[in-house]
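1. What follows is a protein structure lacking sequence information:
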């Protein structure tokens, strides 16, 4: 009987340890959101669009997934407890848990490069916050929305508009949206492209020297054609210092937005509106042809992980230690 109880205890400890140690994908994967099953779910797929797998399979709305720097976890937004807030799960969709005990409406998460902190926005405050990855400490950084942490860890880019108005759930009024960059050491802020407005979705290149974004360029919009300005949103890339502005994808047959860099920095994923649906596309920065990756439902919020470019997993000795106590057993 004593042996059986010790064996059961060992198996239980092993099970807890296995759940704690999440494993990263061994090949490159893109995580994204899709509503093809009737509600928004988190999916992964290969970079060529093959093997699309639903990870969440939950009746709640799950979206905005982002890989942890090691690829072992996925941070995402869900309303599975009534309020939209941040959740973590292992890369295979297991071990889903809340980041914060008190849910207040956090969205649009991004990781610090070392994986120790998170940044996100709160629509109710129209502000960006930074928190520890265990959700125990958080503080307001600045006013704005949609933060993205630079890969070198020194800056956060975000969208600012002094005339942001939160009208209702999912409805935001913008007038002068621009991309701002805040220095995390000095708290100094500066615009990415002074004088430009209606800029959204900043995304840092892996080496932090460029930023991709989407822009409704009113100067290039043919207003005489009666076109909705939102339909003219297109994807651009610019150097960190604001030089070298280049349009990567146009909006001739549908608005394009929300660019995400490939880990090697030579390709972008972006969203494109096609008739009534939104799909994910991929394009090489030195090429003209794009590749459609999704074909069912609405697909959005892509993020690309490649183990060849991942942050090494730091040893965690505390997870490898089992403490054995005295056990009362029967004969």
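-> Nice, I can see it. Every value quoted in this text rests on a predicted model; they were computed, and no experiment measured them. Residues are numbered from 1 along each chain as shown.
2. So which residues of the stretch 151-300 of the chain form strands?
-> Assigned by DSSP state E, counting those that start in this stretch, the stretch 151-300 of the chain shows strands spanning 155-160, 165-168, 171-173, 178-183, 189-191, 199-204, 210-216, 233-239, 246-249, 256-261, 267-274, 277-284, 290-292, 299-305.
3. out of these, nearest to residue 83?
-> Nearest to residue 83, of all these, is strand 165-168, at 15.4 Å by C-beta to C-beta. (Each C-beta comes from the backbone N, C-alpha and C, glycine too.)
4. Flag whichever of the strands of the stretch 151-300 of the chain has the least confidence on average.
-> Sorting the strands of the stretch 151-300 of the chain by mean pLDDT places strand 165-168 lowest, at a mean of 77.
5. Partner strands of it, with direction?
-> Note on strand 165-168: by DSSP bridges, its sheet partners are strand 171-173 (antiparallel).
6. in the strand it pairs with, what counts as buried?
-> By 16 or more other C-beta atoms under 10 Å, strand 171-173 has no buried positions at all.
7. what sits up against stretch 29-43?
-> Stretch 29-43 is contacted by residues 44-47, 52-67, 74, 76, 89, 91, 93, 269, 280, 293-294, 296-305 when judged by C-beta atoms under 8 Å, 6 or more residues apart in numbering.
8. now the stretch 51-200 of the chain, which segments are flagged as low pLDDT?
-> Where the stretch 51-200 of the chain drops to pLDDT under 70, the residues are 169-170.
9. Now do stretch 183-190: everything it contacts.
-> Stretch 183-190 has contacts (C-beta under 8 Å, 6+ apart) with 142, 153, 154, 155, 156, 180, 181, 182.
10. Let's see that with 6 Å instead.
-> 155, 180, 181, 182 (C-beta atoms under 6 Å, 6 or more residues apart in numbering).
11. Can you lay out the residues you listed as CSV showing distance to residue 124?
-> Formatted as CSV, those follow (distance: C-beta to C-beta, whole Å):
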residue, distance to residue 124
155, 25
180, 20
181, 24
182, 21
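12. and those, which two are the farthest apart?
-> Spanning the widest gap among those are 155 and 180, at 10.2 Å by C-beta to C-beta.
13. returning to that earlier point: of all the strands of the stretch 151-300 of the chain, which lies closest to residue 121?
-> For residue 121, the closest of these is strand 155-160, at 7.7 Å, according to C-beta to C-beta.
14. who's in contact with that closest one?
-> Residues from elsewhere that reach strand 155-160 (C-beta under 6 Å, 6+ apart): 119, 128, 144-149, 177-183, 200, 202.
15. For ChimeraX, write the select line for the buried members of those residues.
-> Those of those that count as buried under 16+ other C-beta under 10 Å are selected in ChimeraX with:
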select :119,128,144,145,146,147,148,149,177,178,179,180,181,182,200,202
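16. In space, what's closest to residue 250 - neighbours in sequence excluded?
-> For residue 250, ignoring the flanking residues on the chain, the nearest one in space by C-beta to C-beta, 6 or more residues apart in numbering is residue 234 at 5.2 Å.
17. distance of the one you found from residue 131?
-> 33 Å (C-beta to C-beta, to the nearest Å).
18. same thing with residue 219?
-> Applying C-beta to C-beta to residue 219 and residue 131 gives a distance of 39 Å.
19. ok, the two, which is more surrounded?
-> residue 131 (19 against 5; other C-beta atoms under 10 Å).
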